[in-house]
Every structure is written in structure tokens, then in C-alpha cells.
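Participant: This is a predicted model, with the sequence first.
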Amino acid sequence: MAEKLEKATPESRSRLPIAFLAAIAVDLLIDGLLIGIGFAAGAKEGRLLTLALTVELLSLGLAVAVTLTDAGATRAKIIGVTTTLAMALLVGAAGGATLLVGLSPVALEIAFSFGLAALLFLVTEELLTEAHEVPETHWITSAFFAGFLLFLILGMAW
């Protein structure tokens, strides 16, 4: 979706991809909100969500850095932009933990369901579509199932 909003003109190559960064900021805000809701539901849920989203955010941070490098951004600007984006995650987490801690269990489940549905939509609509553009290898399939198994075991044991 962000690619559709950005124009591929030569003059826009020197500017920051604002639509891309705005989409990332919204995603990080929702991810932070999910972490906050997880901690409002319980410490175990919050820790597990934080761990799982940390793995995702590592690759997201690398993708942002590469995109900004391709746009001609300096190292200082890349660090500043990624730090600012990280603040969206912290704002979402703080908002979710403080504002939603007093919700009833049913309302907390509704809020949690909304956030998880947003993540599932992102995965099915964007990521899985892009993942099928490259040929699958045994390594990619094994890594997927190993990651799934790892978080399943962590969820049961932690």
C-alpha cells in the first residue's frame, strides 16, 4: 500500500519516503498497543508478545534502514528516523498498559482481538503476497516452522 502512495520520480528519490514511514509508524503504534494490552492482561502475555514482536521489529528496522539508505539519507538521519519510529512503539505500549488496565476482561479481549486481527490482515494481505514472489527453499520452510515451534514452546513454558 505504501508503494502505491509514493511516486517513483527522480526528484522524490532524494526525499524521505513519507508514506512508507507513516505506515510503519501506524504499524508500530498498533504493535505497541498490543504489547500494552498484553501486559494489561498479564505479565506472561506481555512478555511473550514483547519477545515475538521484537523479532519482527528487528527485520522491520533493517528494512527501514535499507529503504532510507536507498533514498539517500545520511547515517544520522537514519538513526533519527528509526529512533522516532521506536517512540511510536513506546507510546502505543504505554497507552495500552495505562489506559486499558482497568477494562473488564471482555472489553480487554475485544481490544486484543482487534489488534490481532489487524496483524493477521497485514500478514495475509501484504507479507504472504510478497513472500510468494521468491521461490521457496527448504531453509525458508524450515525456518518458518522452527520459529512457529519456538514461540509455541515459549508460550507453553513461559
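Facilitator: Everything's here; your move.

Participant: does Val26 belong to a helix or a strand, and which?
Facilitator: If you go by DSSP states H and E, Val26 is part of helix 18-41.

Participant: and that helix, what does it pack onto?
Facilitator: helix 2-5, helix 43-70, helix 75-99, helix 105-122 (3 or more Cβ pairs under 8 Å, 6 or more residues apart in numbering; DSSP states H and E). For the C-beta atoms, the positions are set from N, CA and C on the backbone; glycine is no exception.

Participant: Run the chain-centre distance for that helix.
Facilitator: 7 Å (Cα atoms, centre = their mean, to the nearest Å).

Participant: quick one: least confident helix or strand in the chain?
Facilitator: Least confident element among the helices and strands of the chain, by mean pLDDT, DSSP states H and E: helix 2-5 (a mean of 52).

Participant: in this structure, which ranges drop under the pLDDT threshold?
Facilitator: 1-14, 123-132 (pLDDT under 70).

Participant: about what we covered before: and the helix holding Val26, C-alpha only, in PDB?
Facilitator: Coordinates of each C-alpha in helix 18-41 appear next as PDB, following Å, rounded to 0.1, in the frame of the first residue of the first chain:
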ATOM      1  CA  ILE A  18       6.900   9.800   4.000                       C
ATOM      2  CA  ALA A  19       4.000   7.400   3.100                       C
ATOM      3  CA  PHE A  20       6.200   4.400   3.900                       C
ATOM      4  CA  LEU A  21       7.300   5.900   7.200                       C
ATOM      5  CA  ALA A  22       3.800   6.800   8.200                       C
ATOM      6  CA  ALA A  23       2.600   3.300   7.500                       C
ATOM      7  CA  ILE A  24       5.500   2.000   9.600                       C
ATOM      8  CA  ALA A  25       4.600   4.400  12.400                       C
ATOM      9  CA  VAL A  26       0.900   3.300  12.500                       C
ATOM     10  CA  ASP A  27       2.100  -0.400  12.500                       C
ATOM     11  CA  LEU A  28       4.400   0.300  15.400                       C
ATOM     12  CA  LEU A  29       1.700   2.200  17.300                       C
ATOM     13  CA  ILE A  30      -0.600  -0.800  16.900                       C
ATOM     14  CA  ASP A  31       2.200  -3.200  17.900                       C
ATOM     15  CA  GLY A  32       2.900  -1.100  21.000                       C
ATOM     16  CA  LEU A  33      -0.800  -1.100  21.800                       C
ATOM     17  CA  LEU A  34      -0.800  -4.900  21.600                       C
ATOM     18  CA  ILE A  35       2.200  -5.100  23.900                       C
ATOM     19  CA  GLY A  36       0.400  -2.800  26.400                       C
ATOM     20  CA  ILE A  37      -2.800  -4.800  26.200                       C
ATOM     21  CA  GLY A  38      -0.800  -7.900  26.700                       C
ATOM     22  CA  PHE A  39       0.700  -6.500  29.900                       C
ATOM     23  CA  ALA A  40      -2.700  -5.300  31.000                       C
ATOM     24  CA  ALA A  41      -3.900  -8.900  30.500                       C
END
